[in-house]
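1. Okay, here's the prediction I keep looking at, along with the sequence it came from:
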Amino acid sequence: MATMSESTPHTDHPAPPAPWGPEPQRVVVTGADSGIGRAVAVRLAGPGRHVGVTWHEDEDGARGTAAEVEAAGATAHVRRLDLRDPQRGTRVVDELAQVMGGLDTLVLCAGTGTSTLLLDMSYLEWRDTVAVDLDGAFCCLQAGARHMVSGGRGGRVVAITSVHEHAPRVGAAPYCAAKGGLGLLVKVAALELAEHGITVNAVAPGEIATPMNRQEDESVLEGKHRPGIPVARPGDAREVAAVVGFLCSPEAGYVTGASWAIDGGMLQMGPMAGSYMEGDAWRRP
């Protein structure tokens with residue numbers, strides 16, 4: 001009687017299907033003049049690609065990002081974007097898509113925040129933060145998705161939220177509300193856009209060494225001990241950009257509607273921090 005090995009010829013495992021989706025070729029990164037946005041724009045640059053770089057206050061920073069993008073072989077397109085008027089997001093994304101000949105990748109990095117207790121906050125301060133972090137993100141996402149749908153080749157959208165998409169912080173009421181809302185907007189968009197081959201995900205950074213945290217150009221490995229973070233240091237913007245790069249790649253075609261915490265374990269510390277924190281300093285921004 002023949003054994004299985006004798007009767008059944010040996011074959012290698014079949015090759016897995018090709019990754020789903022194209023490589024990013026026509027990219028827009030909002031808020032790319034510094035920090036995470038800059039690191040993302042450089043990460044997504046490459047020979048033959050087009051990268052749209054937007055800035056609000058730091059034009060020199062945006063030009064510096066553009067120089068790094070072009071050094072990587074891509075063509076950079078720089079535009080100013082003030083999302084305190086959220087509908088400018090629609091116009092700038094439309095303009096960049098037109099000059100690049102389409103759009104297949106959108107990363108929403110533009111954002112602002114507060115450090116004011118809600119009892120002391122003006123309505124204008126509330127509205128400015130929500131307009132930039134949520135309304136502006138919606139306008140950019142909607143415009144970008146429309147171009148991806150019309151292009152017919154699918155696409156990638158990544159929104160940079162925050163650990164405060166998931167956990168509150170004293171003094172950051174509008175920021176937390178906006179980032180929490182953006183996190184759920186990502187999930188709705190993931191459901192609605194999946195049929196068009198578009199994935200939509202969030203990346204939720206913790207403490208990252210960026211200008212927003214007053215840590216530009218500082219090594220996260222030197223003199224930055226953080227006892228309340230399991231890995232005991234801040235993150236580097238390039239560590240966030242690496243995850244964004246994966247989510248924008250063809251290999252991430254089966255990932256959508258997710259929120260990726262890039263926080264060194266910060267979100268895992270809730271009960272531990274509550275048990276071991278000394279003093280009431282946390283009650284003030």
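-> Yep, that arrived.

2. excluding its backbone neighbours, what's nearest A261?
-> A204 (4.7 Å; Cβ to Cβ, 6 or more residues apart in numbering). For every residue, glycine as well, the C-beta is placed using N, CA and C.

3. got it, and I229?
-> The shortest distance from I229 to any non-neighbouring residue, by Cβ to Cβ, 6+ apart, is to G264 (4.5 Å).

4. Next one, pLDDT for the one you found please.
-> Here the pLDDT value assigned to G264 is 94.

5. three-state assignment of the residue nearest to A261?
-> strand (DSSP: H, G, I helix; E, B strand; the rest coil).

6. The residue nearest to I229 contacts G235, correct?
-> Yes - using Cβ atoms under 8 Å, G264 is in contact with G235, at 6.0 Å.

7. Contacts only, for A159.
-> When the contact criterion is Cβ atoms under 8 Å, 6 or more residues apart in numbering, the partners of A159 are 107-108, 137, 141, 182-183, 185-186, 200-203.

8. Doesn't it lie inside a helix?
-> No - looking at A159 with three-state DSSP, it is strand, so not inside a helix.

9. Which of the contacts of A159 has the largest number of neighbours?
-> V107 (32 neighbours; other Cβ atoms under 10 Å).

10. Next SSE downstream of the helix or strand that residue falls within?
-> With elements taken from DSSP states H and E, the one containing V107 is strand 105-108. Once the chain leaves strand 105-108, the next helix or strand it forms, by DSSP H and E, is helix 123-130.

11. who does the strand holding V107 pair up with?
-> strand 26-30 (parallel), strand 155-160 (parallel) (DSSP bridges).

12. hmm, who's touching the first one?
-> Surrounding strand 26-30, the residues in contact under the criterion Cβ under 8 Å, 6+ apart are 37, 40-41, 44-45, 49-54, 81, 83, 89, 93, 96-97, 100-110, 140, 144, 248.

13. Just those residues: which are in helices?
-> 37, 40-41, 44, 89, 93, 96-97, 100, 140, 144 (DSSP state H).

14. Could you export these as JSON lines, including neighbour count and distance to H77?
-> Conversion of the ones in helices among the contacts of strand 26-30 to JSON lines gives the following (neighbours: other Cβ atoms under 10 Å; distance: Cβ to Cβ, whole Å):
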{"residue": "G37", "neighbour count": "30", "distance to H77": "14"}
{"residue": "V40", "neighbour count": "31", "distance to H77": "15"}
{"residue": "A41", "neighbour count": "31", "distance to H77": "11"}
{"residue": "L44", "neighbour count": "28", "distance to H77": "13"}
{"residue": "G89", "neighbour count": "27", "distance to H77": "15"}
{"residue": "V93", "neighbour count": "27", "distance to H77": "12"}
{"residue": "L96", "neighbour count": "27", "distance to H77": "6"}
{"residue": "A97", "neighbour count": "24", "distance to H77": "10"}
{"residue": "M100", "neighbour count": "20", "distance to H77": "7"}
{"residue": "C140", "neighbour count": "27", "distance to H77": "15"}
{"residue": "G144", "neighbour count": "28", "distance to H77": "14"}
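
15. and which of those residues is nearest to R127?
-> When the ones in helices among the contacts of strand 26-30 are ranked by distance to R127 (Cβ to Cβ), G89 comes first, at 15.8 Å.

16. re the thing from before, pLDDT score assigned to the residue nearest to A261?
-> For A204, pLDDT reads 98.

17. thinking again about what came up before, need the overlap of contacts for G264 and G235.
-> 206-207.

18. sorry, back to before: columns distance to W126 on top of the contacts of A159, output as JSON lines?
-> Formatted as JSON lines, those follow (distance: Cβ to Cβ, whole Å):
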{"residue": "V107", "distance to W126": "26"}
{"residue": "L108", "distance to W126": "20"}
{"residue": "A137", "distance to W126": "16"}
{"residue": "L141", "distance to W126": "22"}
{"residue": "L182", "distance to W126": "16"}
{"residue": "G183", "distance to W126": "19"}
{"residue": "L185", "distance to W126": "18"}
{"residue": "V186", "distance to W126": "22"}
{"residue": "V200", "distance to W126": "26"}
{"residue": "N201", "distance to W126": "27"}
{"residue": "A202", "distance to W126": "22"}
{"residue": "V203", "distance to W126": "25"}
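
19. Secondary structure of R233: a helix, I assume?
-> No - using three-state DSSP, the assignment for R233 is coil, not a helix.
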